[in-house]
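Q: Have a look at this prediction, sequence included:
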Amino acid sequence: QIAVELLEGTGAKVSIAGNGSQAVQTLFSGPQPPPFDLVLMDLQMPVLDGFAATRGILALAPELPVLGLTAHALADERESCLAAGMADVVTKPIDLAVLLATILRLVPGDCDPARPGAAMPEETPRAATATAGSRAGLVDWPALFVRFKGRGEFIRKLAASVRQQHGDTPARLRTAARAGDSEALAFMVHSIKGMSGSLEAHDLNQLSKELEAAARAGEEITPLAIDTFADLLEAVLAELDDPETSGGKN
């Protein structure tokens, strides 16, 4: 949703696929060649991951640029993306300036960044002059407004979407932990890592990174650790439920 809102705000037309398999179907079920300038490809998806989807897309449309989107700013992951055929890689949390600059470098030359609606948003971040000490609660609201250029309505929509998407995630985390479902836990933790980074929820983001690293290393993640994680997620969601009293008044 963050990518869609940001890109549509610059004049881009965006189509969504829920996983890699749907992306391939969307691209090749209509007129050929596909009527798209670029594919923004997440790496970790159900059904068909970003690497396999990229290979499938480029086998049929080798000139279509695929831009990888990853939460891991690691050299080996970047190399894996390039080896799969991706034209470049950008990291989450999304930096709009970096994303647009990369897209404009990869799309065909008739994409004019100066055309109406395609320029970078110019709103002045109303929280840009906030001091580090003004952080309130578990979401760093001043940093969040700086990240999204002071776009208060967008931030409110984002908060509402996160609450809707993750409202039952704490309960699902606890259930998966007690059932020993490590695959479900890994997927949820990864999703929360990306979300919390974009929302400047630093404590939640750090804990999700630690849990994901432990899972990658094959370490056991105890139900108690997941309970702590779920409690923190619930607290962040509660803060997002009422930004007016949590520091997000801008």
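A: Thanks, I have it.

Q: now the strands for the chain?
A: Using DSSP state E, the strands of the chain run over residues 39-42, 66-70, 88-91.

Q: now these as JSON lines including distance to D49?
A: Any C-beta I mention is one placed from the backbone N, CA and C, and that applies to glycine too. Written out in JSON lines, the entries for these read as follows (distance: least, C-beta to C-beta, whole Å):
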{"stretch": "strand 39-42", "distance to D49": "9"}
{"stretch": "strand 66-70", "distance to D49": "11"}
{"stretch": "strand 88-91", "distance to D49": "15"}
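
Q: Any chance of CSV for these, columns mean pLDDT and mean neighbour count?
A: Formatted as CSV, the entries for those read as follows, by pLDDT from 0 to 100; neighbours: other C-beta atoms under 10 Å:
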stretch, mean pLDDT, mean neighbour count
strand 39-42, 93, 22
strand 66-70, 92, 22
strand 88-91, 91, 18
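
Q: out of those, nearest to A184?
A: Closest approach to A184 among these (C-beta to C-beta): strand 39-42, 18.0 Å.

Q: Quickly run through the sheet partners of the closest one, with directions.
A: If you go by DSSP bridges, strand 39-42 pairs up with strand 66-70 (parallel).

Q: Need the contact partners of the strand it pairs with.
A: Strand 66-70 has contacts (C-beta atoms under 8 Å, 6 or more residues apart in numbering) with 3, 38-43, 50, 54, 57-58, 77-78, 81, 85-92, 94, 102-103, 106.

Q: where's the closest residue in space to G85 that isn't next to it in sequence relative to L38, distance?
A: Nearest residue to G85 in three dimensions, chain neighbours excluded: L58, at 4.4 Å (C-beta to C-beta, 6 or more residues apart in numbering). Taking C-beta to C-beta, to the nearest Å as the criterion, L58 is separated from L38 by 13 Å.
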